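**Q** what follows is a predicted structure for the sequence shown.
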Amino acid sequence: MTRRHYAVSLQQASEESPTLARLTALTRDSSDRLKAIEKLIPVGLRPAIQAGPIDGDSWCLLVKSNAAAAKVRQLVPALQAHLRSRGWEVNAIRLKVQT
């Protein structure tokens with residue numbers, strides 16, 4: 001392993017490491033998915049939702065409360081259909097309540 005004695009940017013480090021590049025791409029993809037469905041989520045509920053990890057054809061949304069998760073759960077079929085119409089292969093959207 002070669003040690004560097006100079007600072008590199010996060011972007012440069014992620015481009016040089018296949019693992020970091022993959023994580024960066026997944027993070028960007030997850031954020032893009034959330035932006036794509038944002039208009040389907042009621043305005044008051046939007047601040048309670050964050051993009052979560054992608055695992056194959058399953059995507060996770062991080063939700064701030066059980067009440068918000070209950071409402072989002074009702075929207076999941078519409079969210080999946082919208083994402084599929086935009087070209088994402090999403091067969092499941094999981095919700096994780098952040099405590």
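**A** Yes, it's here.
**Q** quick one: contacts of the helix or strand of the chain at the bottom of the mean pLDDT ranking?
**A** Ranking every helix and strand in the chain by mean pLDDT, DSSP states H and E puts helix 10-16 at the bottom, with a mean of 75. Residues outside helix 10-16 that contact it (CB atoms under 8 Å, 6 or more residues apart in numbering) are 8, 20, 21, 23, 24. C-beta: built from backbone N, CA, C; applies to glycine.
**Q** pull out the buried residues from the next helix or strand along the chain from that helix.
**A** As assigned by DSSP states H and E, the chain's next helix or strand after helix 10-16 is helix 18-37. By 16 or more other CB atoms under 10 Å, the buried positions in helix 18-37 come out as 24, 30, 33, 34, 36, 37.
**Q** wait, the fifth one sits on residue 84?
**A** No - counting by CB atoms under 8 Å, residue 36 does not reach residue 84; the two are 10.8 Å apart.
**Q** returning to that earlier point: redo the buried residues of helix 18-37 as JSON lines? Include pLDDT.
**A** JSON lines is the format used below for these (pLDDT from 0 to 100):
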{"residue": "24", "pLDDT": "85"}
{"residue": "30", "pLDDT": "97"}
{"residue": "33", "pLDDT": "97"}
{"residue": "34", "pLDDT": "98"}
{"residue": "36", "pLDDT": "97"}
{"residue": "37", "pLDDT": "97"}
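**Q** identify the farthest-apart pair in these.
**A** Spatially, the most separated pair among these is 24 and 37, at 21.3 Å (CB to CB).
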